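Asks: structure here, sequence nowhere to be found:
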């Protein structure tokens, strides 16, 4: 019998605090070569959206996430992200669990955004902000709060921002400019607009760019990437999708200019060097992060009353 984690079961199994630690462990294991991750496959269904297939292997398990991104769905009353995560035993191929992909994605997105901010931000950073109050933006704000840090929330839809802030116990930013001036900023937008033009960031700031995770998307200008310290989740993936690709194809950034977050966490690469550094984390979303969340979830199988399916 295969346990099935609905969205509410994923949330019950893995807290935001546990998600941060799980994702940290996943980054380090991948950086050390203990986990592997074939390239993410995009199946475009443009202009409406796309499908993504994301495999990973580690800790005696294999994972495949089949997930969608359809940014216009909320206007239709549908979620932007839907799909399924399948977790298998790597020793015999047997299926161990099936999990709601949207809930797993939200948890690991919030965890990665805040983990990067905590790792690369100034030690004395005081203010935090999240731009975008969709599912993943709310997850990032919830993770900041779970880690004991107050956060302001801004969204182009003021009603959504206010409702999300009230729901989470966050503060509502008075303007986008106020949110973008925070010491620690997380952007979780559709990636159709440049939020950070050249020269906009101030010494000491950190930004986790979480929204531009596919072809043609961007949240930061190439000129701004050229003048800051740039980190990413995975060079091979980030250099072909999202914000980094624009700087790479224009010749502004190369492999030696970008540091992977996992290498910083594993102690093999340098993170922030001074309080005046401006640091950027470009996230495209990794299957190893999904694997980390799925492994944390199945640790709680015995504690939850989960539905099951039988495949034979």
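Replies: Nice, I can see it. Being a predicted model, the structure only gives us computed values, none of them experimental. Numbering: from 1, shown residues only.

Asks: gap between whichever helix in the chain runs longest and the chain center?
Replies: The longest helix of the chain (DSSP state H) is helix 101-120. The chain centre lies 4 Å from the centre of helix 101-120; the measure is C-alpha atoms, centre = their mean, to the nearest Å.

Asks: closest to the centroid, which residue in this protein?
Replies: Central residue of the chain (C-alpha atoms, centre = their mean): residue 109, 2.6 Å from the mean position.

Asks: so what's it scoring on pLDDT?
Replies: Looking at residue 109, its pLDDT is 97.

Asks: helix or strand: which one has the residue lying closest to it once chain neighbours are set aside?
Replies: In this structure, residue 109 finds its nearest non-sequential neighbour in residue 136, 4.4 Å apart by C-beta to C-beta, 6 or more residues apart in numbering. C-beta: built from backbone N, CA, C; applies to glycine. Element membership for residue 136 (DSSP states H and E) is helix 135-146.

Asks: sorry, back to before: list the strands paired with the very next helix or strand once past the longest helix of the chain, with their directions.
Replies: Sequence-wise, the next helix or strand downstream of helix 101-120 (DSSP H and E) is strand 128-131. Taking DSSP bridges as the criterion, strand 128-131 forms sheet pairs with strand 152-154 (parallel), strand 184-187 (parallel).

Asks: how much space is there between residue 6 and residue 79?
Replies: 13 Å (C-beta to C-beta, to the nearest Å).

Asks: thinking again about what came up before, show the contacting residues for the residue nearest to residue 109.
Replies: Taking C-beta atoms under 8 Å, 6 or more residues apart in numbering, we find residue 136 in contact with 81, 105, 106, 109, 110, 188, 210.

Asks: again, but for residue 54
Replies: With C-beta under 8 Å, 6+ apart, residue 54 has these contacts: 40, 41, 63, 64, 65, 66, 67, 285, 286, 287, 290.

Asks: got the angle between the helix or strand that it is a member of and helix 101-120?
Replies: According to DSSP H and E, residue 54 maps onto strand 49-58. With axes from the mean of the first three to the mean of the last three C-alpha atoms, to 10 degrees as the basis, strand 49-58 and helix 101-120 are set at 70 degrees to each other.

Asks: after strand 49-58, next one along is what?
Replies: Scanning forward in sequence from strand 49-58 by DSSP H and E, the next helix or strand is strand 61-69.

Asks: name the surrounding residues that touch that following strand.
Replies: Taking contacts as C-beta under 8 Å, 6+ apart, the residues outside strand 61-69 that touch it are 49-57, 80-90, 93, 96, 101-102, 104-105, 213-214, 287, 290-291, 294-295.
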